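**Student:** Quick one, what's the 3D model for this:
(2 chains)
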Amino acid sequence: MVIKIKYYGIDTTNLPLTVELPENSTIENLLDHISEIINDSRSSLLKSSMILVNKAKADNKTSLHDKDELHVLNVLGGG
Amino acid sequence: INDGHRAPGRGGGGAVMGSKKLKAIAVRGTGEVKVANPEKVLELNKKIAAGMKDSPVASGFGAYGTSVGTGASALSGDSPVKNWGGVGIVDFGDESATKLAATTFDHKYKTKKYACSNCPLGCGAEYEVKDGRWPLPQTERPEYETAAAFGSTCLCDDIEAIMKCNEICNSYGFDTISAGMTIAWAMECYNEGVLSKEDLDGIELTWGNGEAMVALMEKMAEGTGVGAILANGSQYAAKKFGKGEEYLQTASGIELPMHDPRFAPGLARIYQFDPTPGRHVKGGLGGAQMMGIPLGDKYDYRETGYLDSKMAAGTEVNNCGGFCMFMSLTGVQGMEKEYIEAITGRSFKEQDADETGLRILTLRQSFNVREGLRPSDMTIPSRSVGKPPLTAGPLANVTVDNEMLADNFFAFVGWDRETGMPTQNTLEKLGLDFVAKDFYNLTENITD
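**Tutor:** Down below sits the predicted model:
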């Protein structure tokens, strides 16, 4: 299945905008997959970010489906 | 003005000075600042610098400033949207959120970075807008609060309009939060038919209209027409117009800042009951939730008093010690204590910090009580605590139990929930005997 991803509040260099994953994958699987691709300190930001799936709040255990759209929101309070 | 460009202007300190016809107090030191243990201070400085370098959050702030997160906050629910009545992911949307993120616009305008004195983070930047509707030869990169107040709160994604409003606020001494929120209030009133085009001197204040926002901000700065009313804030304006009170998003009279209690529920207690209400920089449990520090289920309102009071006390020490709140971005908490010990040469452990912070907080509260303020006077707008809750987006169905948060906090800090008055035991325990003497008419065994 193919998942579309948009990132906010994080440097998007080398971050994939679409990811192909096996059926029955979860958000946790997706974030692990992206962390392997980038292999840098942004992994911790990704894993502490708020994730929306099709505009609704989701968590690590949420199952993904083909053509789901994700928002990865790294909320940085302050300023 | 600290470090040449940081102005602690929120809440009307400048207005108080103006009312006394006091323009400025300049302080220039010529003496030496003696440090008890300079080697230790140097060691701590290095620790901070290394922590900042290793922190991806600090790197983001260092590279793009606090507005790096404005887009994410608009979509997550951290930032208010549409005068606190909207849902970012629905009403503002991806495209607008992207336009508000500093990662999108920073490269276009930045001329140089700057930092407060000796700061390894350096979250400031100077911008130049070369052309367009509002050229600005030299201006500041909008902070997160500014970008959110004139941005998502007004449904405006026109960053150059936001920068122009920011410049006007800085030049004329407006707090950007209150100014942006006052315009958001006027926008909702206009869009709901409460204020007419004639009320607004012919300005069509539709949602997201950057041109109208700038026109109104200019009038507020010049004190002309409707600007002379709005320059006094939204609560004043609602009273003056005699309408629009139902759209006010103010806590005890001051416009709310740009972090939503439905996202970080502990903020409800701070916004409503901190002695200076409506502040996002007074720590507490809400401050930690806002920074994303994991502390369990943030929507479980039971037994919040201990952490809320301890973190609020810690923030008082941070503020009064002249430290930056972003020191916590290093991931090392409580370094203030080590600095205070190294600088003063006096022992300052965790218990000392807790007591000192609570003493400061209680003294501030006592001032309000002495001046007649009671907890029942301290208000928070219902939208900000989800009454009624939003029906869509990541914060759908969230209602904050601000009453339980307050009950827990008052019990832990030792203030009477009904009168707000610190108990005699609390005051004496904190060494505030002179306050106890005033409040409890004590005449014996008390030293001033």
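**Student:** from here on, contacts and neighbour counts on C-alpha atoms
**Tutor:** OK.
**Student:** what does the stretch 151-300 of chain B have sitting close to chain A?
**Tutor:** Listed as neighbours of chain A in the stretch 151-300 of chain B under the rule C-alpha under 8 Å from any C-alpha of the partner chain: B:259, B:290, B:291, B:292.
**Student:** quick one: what helix or strand has the last one in it?
**Tutor:** Per DSSP states H and E, residue B:292 falls between elements, in no helix or strand.
**Student:** Lowest-scoring secondary structure element of chain A by mean pLDDT?
**Tutor:** When the helices and strands of chain A are compared on mean pLDDT, DSSP states H and E, helix A:42-48 comes out lowest with a mean of 86.
**Student:** show me where chain A has helices.
**Tutor:** Applying DSSP state H to chain A gives helices spanning A:27-38, A:42-48.
**Student:** Just send these back as a markdown table, with mean neighbour count and distance to residue B:245 too.
**Tutor:** Compiled in a markdown table, the helices of chain A are given as follows (neighbours: other C-alpha atoms under 10 Å in any protein chain shown; distance: least, C-alpha to C-alpha, whole Å):
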| stretch | mean neighbour count | distance to residue B:245 |
| --- | --- | --- |
| helix A:27-38 | 16 | 44 |
| helix A:42-48 | 17 | 39 |
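**Student:** Which one, of those, ends up nearest to chain B?
**Tutor:** Nearest to chain B among the helices of chain A is helix A:42-48 (6.5 Å), distances taken as C-alpha to the nearest C-alpha.
**Student:** CA atoms of the closest one as PDB?
**Tutor:** Taking Å, rounded to 0.1, in the frame of the first residue of the first chain, the C-alpha atoms of helix A:42-48 are listed here in PDB:
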ATOM      1  CA  ARG A  42      15.300  13.600  13.400                       C
ATOM      2  CA  SER A  43      14.000  10.100  14.200                       C
ATOM      3  CA  SER A  44      13.400  11.200  17.800                       C
ATOM      4  CA  LEU A  45      11.400  14.200  16.500                       C
ATOM      5  CA  LEU A  46       9.300  12.000  14.200                       C
ATOM      6  CA  LYS A  47       8.500   9.600  17.000                       C
ATOM      7  CA  SER A  48       7.400  12.400  19.400                       C
END
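**Student:** Give the closest residue to the residue of the stretch 101-250 of chain B found nearest chain A in space, chain neighbours not counted.
**Tutor:** Sorted by distance to chain A under C-alpha to the nearest C-alpha, the residues of the stretch 101-250 of chain B start with residue B:144, at 5.0 Å. Of all residues beyond its chain neighbours, the one nearest residue B:144 is residue B:67 (4.1 Å), with distances taken as C-alpha to C-alpha, 6 or more residues apart in numbering or on different chains.
**Student:** burial measure for that neighbour, as a count.
**Tutor:** Taking other C-alpha atoms under 10 Å in any protein chain shown as the neighbour definition, residue B:67 ends up with a count of 30.
**Student:** What of residue B:360?
**Tutor:** Residue B:360 has 17 neighbouring residues, counting by other C-alpha under 10 Å.
**Student:** Helix or strand: which one has it?
**Tutor:** Using DSSP H and E, residue B:360 falls within helix B:350-370.
**Student:** which other helices and strands contact that helix?
**Tutor:** Identification of packing neighbours for helix B:350-370 by 3 or more C-alpha pairs under 8 Å, 6 or more residues apart in numbering or on different chains; DSSP states H and E yields helix B:305-320.
**Student:** Quick one: residues in contact with the following helix or strand past the helix it packs on.
**Tutor:** The helix or strand immediately downstream of helix B:305-320 is helix B:335-344, counting by DSSP H and E. Outside of helix B:335-344, the residues that reach it under the criterion C-alpha atoms under 8 Å, 6 or more residues apart in numbering or on different chains are B:34-38, B:40-41, B:44, B:317-318, B:321, B:323, B:346-350, B:353.
**Student:** Buried only: go through those for me.
**Tutor:** If you count burial by 16 or more other C-alpha atoms under 10 Å in any protein chain shown, the buried members of the contacts of helix B:335-344 come out as B:40, B:41, B:44, B:317, B:318, B:348, B:353.
**Student:** Including pLDDT and distance to residue B:137, could these go into JSON lines?
**Tutor:** As requested, the buried ones among the contacts of helix B:335-344 are arranged in JSON lines below (pLDDT from 0 to 100; distance: C-alpha to C-alpha, whole Å):
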{"residue": "B:40", "pLDDT": "97", "distance to residue B:137": "43"}
{"residue": "B:41", "pLDDT": "96", "distance to residue B:137": "39"}
{"residue": "B:44", "pLDDT": "94", "distance to residue B:137": "38"}
{"residue": "B:317", "pLDDT": "96", "distance to residue B:137": "39"}
{"residue": "B:318", "pLDDT": "94", "distance to residue B:137": "35"}
{"residue": "B:348", "pLDDT": "97", "distance to residue B:137": "47"}
{"residue": "B:353", "pLDDT": "96", "distance to residue B:137": "45"}
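**Student:** which of those residues lies closest to chain A?
**Tutor:** Comparing these against chain A with C-alpha to the nearest C-alpha places residue B:318 closest, at 15.0 Å.
**Student:** From residue B:165, how far out is the closest residue to the closest one other than its chain neighbours?
**Tutor:** Beyond its immediate neighbours in the sequence, the residue positioned closest to residue B:318 (C-alpha to C-alpha, 6+ apart) is residue B:336, lying 6.5 Å away. Relative to residue B:165, residue B:336 is positioned 35 Å away (C-alpha to C-alpha, to the nearest Å).
**Student:** Of those two, which one has the most company?
**Tutor:** Remark: of residue B:336 and residue B:165, residue B:165 carries more neighbours, 29 against 22, as counted by other C-alpha under 10 Å.
**Student:** Secondary structure of the more buried one: a helix, I assume?
**Tutor:** Yes - Residue B:165 forms part of a helix when assessed by DSSP: H, G, I helix; E, B strand; the rest coil.
**Student:** Can you name the residues that contact it?
**Tutor:** B:150, B:213, B:214, B:217.
**Student:** In which helix or strand does the second one reside?
**Tutor:** Residue B:213 belongs to helix B:210-222 when assigned by DSSP H and E.
**Student:** Off-centre distance for that helix?
**Tutor:** When distances are taken as C-alpha atoms, centre = their mean, to the nearest Å, helix B:210-222 is centred 23 Å away from the chain's centroid.
**Student:** ditto for stretch B:78-96
**Tutor:** Going by C-alpha atoms, centre = their mean, where stretch B:78-96 is centred and where its chain is centred differ by 19 Å.
**Student:** buried residues in it?
**Tutor:** Quick answer for stretch B:78-96 (16+ other C-alpha under 10 Å): B:78-89, B:91-94, B:96.
**Student:** That stretch and chain A, any residue contact?
**Tutor:** Yes - under the criterion of C-alpha under 8 Å from any C-alpha, chain A is reached by stretch B:78-96 at B:78, B:89.
**Student:** end-to-end on that stretch?
**Tutor:** Counting by C-alpha to C-alpha: the opening and closing residues of stretch B:78-96 are 16 Å apart.
**Student:** And the contacts of that stretch?
**Tutor:** Contacting residues not belonging to stretch B:78-96 are listed as A:55, A:75, B:70-71, B:73-77, B:148, B:152-157, B:181, B:184-185, B:188, B:207, B:247, B:249, B:258-260, B:262-264, B:290, B:383-384, B:390, B:392-393 [C-alpha under 8 Å, 6+ apart].
**Student:** Check the model's average confidence along that stretch for me.
**Tutor:** Here the mean pLDDT over stretch B:78-96 is 97, rounded to a whole number.
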